[in-house]
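Make a model of this:
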Amino acid sequence: MARIHYLGLVSEETAGKRLFAFAHPWGPNPMFALLRKHYPNARIPEDWEGGEADKQIWDVSASTALIGKWIPLETSILATAATTYEA
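Numbering: from 1, shown residues only. As a prediction, this is how the structure comes out:
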């Protein structure tokens with residue numbers, strides 16, 4: 001996320017554009033399911049009402065053009081979780 005913020009500040013191509021630091025919609029429930037799958041003994045919250053992936057479409061083309069390749073959401077979530085949970 002820091003990379004997109006930095007590049008957004010120093011890049012003339014993004015002047016006046018709104019940058020989003022995500023590649024696709026997500027929600028807490030898919031994240032909880034992923035964490036439950038990889039950390040079955042951890043205390044992961046139950047699904048939240050209304051916690052499904054966001055259905056709104058966002059234009060992330062300026063962000064994608066700026067950073068190139070996104071880190072897959074699952075990779076990002078599991079890398080963060082590895083700092084907290086034990087498999």
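
Spell out which helix or strand contains Ser76, please.
Assigned by DSSP states H and E, Ser76 belongs to helix 73-81.

helices or strands next to that helix in the packing?
Under the contact criterion of 3 or more Cβ pairs under 8 Å, 6 or more residues apart in numbering; DSSP states H and E, helix 73-81 touches helix 28-38. Bear in mind the C-beta positions are built from the backbone N, C-alpha and C, glycine included.

and the helix it packs on, which residues are buried?
Neighbour counts over helix 28-38 (16 or more other Cβ atoms under 10 Å) mark Asn29, Pro30, Met31, Phe32, Leu34, Leu35, His38 as buried.

try stretch 46-64
By neighbour count with 16+ other Cβ under 10 Å, stretch 46-64 contains the buried residues Val60, Ala62, Ser63.

Run a quick check on the first one versus Lys17, I expect a contact.
No: taking contacts as Cβ atoms under 8 Å, Val60 lies outside contact range of Lys17: 11.0 Å.

before we move on, back to that, between the buried residues of helix 28-38, which sits nearest Ala81?
Among the buried residues of helix 28-38, Leu35 lies closest to Ala81 (Cβ to Cβ), at 5.8 Å.

where in the chain is pLDDT low?
In the predicted model of the chain, residues 87 satisfy pLDDT under 70.

any idea which residue of it is furthest from its center?
Glu12 (25.1 Å; Cα atoms, centre = their mean).

State the distance from that residue to Leu66.
Between Glu12 and Leu66 the computed distance is 11 Å (Cβ to Cβ, to the nearest Å).

one step back: now the buried residues of helix 28-38 in a markdown table, with distance to Ala79?
A markdown table is the format used below for the buried residues of helix 28-38 (distance: Cβ to Cβ, whole Å):
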| residue | distance to Ala79 |
| --- | --- |
| Asn29 | 20 |
| Pro30 | 16 |
| Met31 | 13 |
| Phe32 | 17 |
| Leu34 | 12 |
| Leu35 | 12 |
| His38 | 11 |
